[in-house]
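Visitor: Provide a 3D model corresponding to the input given below.
(one chain, ligands or ions: 3)
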Amino acid sequence: MKPIKVGILGLGTVGGGTVNVLKRNAAEIERRIGRELIITRASAKDLTKSRICNTDGIELTSNPNDIINDPDIDIVLELIGGAGPVKDMVLAAINNGKHVVTANKSLIALHGNEIFTAASAKGVIVAFEAAVAGGIPIIKAIREGLSGNRIQWLAGIINGTGNFILTEMRDKGRDFADVLAEAQALGYAEADPTFDVEGIDAAHKLTILAAIAFGIPLQFDKVYTEGITGITRTDVEYAEQLGYRIKHLGIARQMPNGIELRVHPTLIPERRLIANVNGVMNAVVVKGDAVGPSLYYGAGAGAEPTASAVVADVVDVARALTSDPENRVPHLAFQANQLANIPVVSSNSFRTAYYLRLMAEDKPGVLADVTRILADHDISIEAIIQKEPSSGDTAVPIILLTQITLEQEMNAAIAEIEALTTVTGKINRIRMETLG
Ligand SMILES: NC(=O)C1=CN([C@@H]2O[C@H](COP(=O)(O)OP(=O)(O)OC[C@H]3O[C@@H](n4cnc5c(N)ncnc54)[C@H](O)[C@@H]3O)[C@@H](O)[C@H]2O)C=CC1
Ligand SMILES: N[C@@H](CC=O)C(=O)O
Ligand code: NA
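Guide: Ligands and ions are numbered 1, 2, ... in the order given. Coordinates of the predicted model:
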């Protein structure tokens, strides 16, 4: 049988890692597929750059069209990134009848509905396992392994860079900027690292997870998104003293009035497994009605862990090359004509417990004002801690943990508390989840 021919667009961290894994494990992969699989061509922006992979035997080009239009190539790997020019490259490859494997979550989250429609019309596969939680086979787990369930909710640490930053801040007291620079050097961060630290990358991934979990279209613009830039070492320490860890989570949950899609820092009880997922590791908890909670853990970023997912997709596509397109696993887990128009609820109707940290004058009556405002909004307090003032400071930090409350009420209460003349600055508010 003729070998399967692969062309790669982009030879950076993931592209380089993929070349290394495909070459190193070529014999094992052939045993799995039943045919030889070779990388014939790869395109790179700068052909002179030094790389993490050996490109011997691969024809290099700086023009992606040389790959997209090569009639001999069966599978195109899009490992450039971004949702700009690559969208046209992917659509052109599909139009030329090529199967596509991509690690690009922004492309799938923003343009996946259009890309999958085009792919189905052409009878080709677009595979994207590497786009969510790096090396963890979470797409396959939800789409195939849990297909007997109604998924109730999922929650995950789905950005490796952010988790690396929070872990290093907690464990070593390191500065945010310093750890981010290291994450960039290690190849974990996005080309624009604000995508990592502002939660955009996690929102892209949550968009994809929610679509395959609930059978809804991809709708990135509906995700409530907060990053980790507002988290201070003080919050990390106070959370720790109270028995919690701060993790940046993506949460998708079926509620009676619709689906919640939210990405934000979260206090999680330290006894939960997911609270102990550190560094670049990711983890996703998926709660199905039949299976109950299940946990998926592994490296969320980095050259070879991500390549592991890219290569698994290549193997899947290679095995399906001769299959009937009508009977393949649907791109978004549910048949394309069965996607449901379930509303995504507004953040005002989220219901969570809260950690609040505020700075208030150290005099009688201040705490009473704060607790009265909370009570006026039906917010019950679980715990209050008043810290010692730093030397020379007239304001003291007050930490409050609340019971589960409606976000709309919390927003109103925070605005009233911040307006008190005895309270200085902004309240730092972090949502809490038990994930039980
Ligand atoms: N780095 C990681 O750990 C992970 C990355 N991803 C995704 O994988 C994709 C690639 O990311 P990285 O490898 O980290 O980025 P990278 O920046 O290391 O690699 C991208 C490469 O594409 C090249 N490139 C840019 N325009 C090109 C063009 N027109 N033709 C050919 N090559 C071009 C760049 O020069 C660069 O070498 C992105 O979508 C990213 O979100 C997904 C999971 C993990
Ligand atoms: N920048 C991303 C890379 C993997 O998706 C991350 O840090 O998780
Ligand atoms: Na994955």
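Visitor: pull the CA atoms of stretch 97-115 into PDB?
Guide: The C-alpha coordinates for stretch 97-115 follow below in PDB (Å, rounded to 0.1, in the frame of the first residue of the first chain):
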ATOM      1  CA  GLY A  97      -9.900  17.400  -0.200                       C
ATOM      2  CA  LYS A  98      -7.300  17.200   2.500                       C
ATOM      3  CA  HIS A  99      -7.900  16.100   6.000                       C
ATOM      4  CA  VAL A 100      -6.600  18.600   8.600                       C
ATOM      5  CA  VAL A 101      -5.200  18.200  12.000                       C
ATOM      6  CA  THR A 102      -4.800  21.400  14.100                       C
ATOM      7  CA  ALA A 103      -3.700  22.400  17.600                       C
ATOM      8  CA  ASN A 104      -5.300  25.800  17.100                       C
ATOM      9  CA  LYS A 105      -8.000  26.500  19.700                       C
ATOM     10  CA  SER A 106      -8.600  30.100  18.600                       C
ATOM     11  CA  LEU A 107      -9.300  29.000  15.100                       C
ATOM     12  CA  ILE A 108     -11.700  26.200  16.200                       C
ATOM     13  CA  ALA A 109     -13.500  28.300  18.800                       C
ATOM     14  CA  LEU A 110     -14.000  31.300  16.500                       C
ATOM     15  CA  HIS A 111     -14.400  29.600  13.100                       C
ATOM     16  CA  GLY A 112     -15.100  25.900  13.900                       C
ATOM     17  CA  ASN A 113     -18.800  26.000  12.900                       C
ATOM     18  CA  GLU A 114     -17.800  27.200   9.400                       C
ATOM     19  CA  ILE A 115     -14.800  24.900   9.100                       C
END
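Visitor: what's the neighbour count on the closest residue to residue 63 other than its chain neighbours?
Guide: Spatial nearest neighbour of residue 63, excluding adjacent residues (CB to CB, 6 or more residues apart in numbering): residue 43 at 6.4 Å. Quick note: C-beta positions are derived from backbone N, CA and C, even for glycine. For residue 43, the count of nearby residues is 24 (other CB atoms under 10 Å).
Visitor: chain center to the host helix or strand of residue 17: distance?
Guide: Using DSSP states H and E, the element containing residue 17 is helix 13-24. The chain centroid and the centroid of helix 13-24 are separated by 22 Å under CA atoms, centre = their mean, to the nearest Å.
Visitor: for it, list the C-alpha coordinates in PDB.
Guide: Extracted in PDB, the C-alpha atoms of helix 13-24 (Å, rounded to 0.1, in the frame of the first residue of the first chain):
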ATOM      1  CA  THR A  13       7.200  24.400  19.400                       C
ATOM      2  CA  VAL A  14       4.300  22.100  18.400                       C
ATOM      3  CA  GLY A  15       5.400  21.600  14.800                       C
ATOM      4  CA  GLY A  16       8.900  20.700  15.900                       C
ATOM      5  CA  GLY A  17       7.700  18.400  18.600                       C
ATOM      6  CA  THR A  18       5.300  16.700  16.100                       C
ATOM      7  CA  VAL A  19       8.200  16.100  13.600                       C
ATOM      8  CA  ASN A  20      10.200  14.600  16.400                       C
ATOM      9  CA  VAL A  21       7.500  12.300  17.700                       C
ATOM     10  CA  LEU A  22       6.300  11.200  14.200                       C
ATOM     11  CA  LYS A  23       9.900  10.300  13.300                       C
ATOM     12  CA  ARG A  24      10.900   8.700  16.500                       C
END
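Visitor: pull the contacting residues for the closest residue to residue 25 other than its chain neighbours.
Guide: Nearest non-adjacent residue to residue 25, counting by CB to CB, 6+ apart: residue 311, 7.3 Å away. Contacts for residue 311 (CB atoms under 8 Å, 6 or more residues apart in numbering) come out as 18, 21, 22, 25, 29.
Visitor: residue 331 and residue 120 touch, don't they?
Guide: Yes - assessed by CB atoms under 8 Å, residue 331 is found in contact with residue 120 at 7.3 Å.
Visitor: please say which of those two ends up with more neighbours.
Guide: Taking other CB under 10 Å, residue 331 and residue 120 do not tie; residue 331 has more neighbours (23 against 18).
Visitor: so what's that one closest to, chain neighbours aside?
Guide: Nearest to residue 331 is residue 116, by CB to CB, 6+ apart, at 4.2 Å.
Visitor: look at the one you found and tell me its secondary structure.
Guide: Recorded secondary structure, residue 116: helix (DSSP: H, G, I helix; E, B strand; the rest coil).
Visitor: which parts of this protein sit against ligand 1?
Guide: 9-15, 43-46, 64, 79-81, 103-105, 130, 134, 187-188, 190-191, 301-302, 306 (CB under 6 Å from any ligand atom).
Visitor: can you report phi and psi for residue 433?
Guide: The phi and psi torsions at residue 433 (degrees, to the nearest 10) take the values phi -140, psi 140.
Visitor: any idea how far it is from residue 205?
Guide: 18 Å (CB to CB, to the nearest Å).
Visitor: same question, residue 170
Guide: The gap separating residue 170 from residue 205 is 23 Å, by CB to CB.
Visitor: burial of the residue in the stretch 201-350 of the chain that ligand 1 sits nearest to, as a residue count?
Guide: Across the stretch 201-350 of the chain, the shortest distance to ligand 1 (CB to the nearest ligand atom) belongs to residue 301, at 3.3 Å. Residues near residue 301, counting by other CB under 10 Å, number 28.
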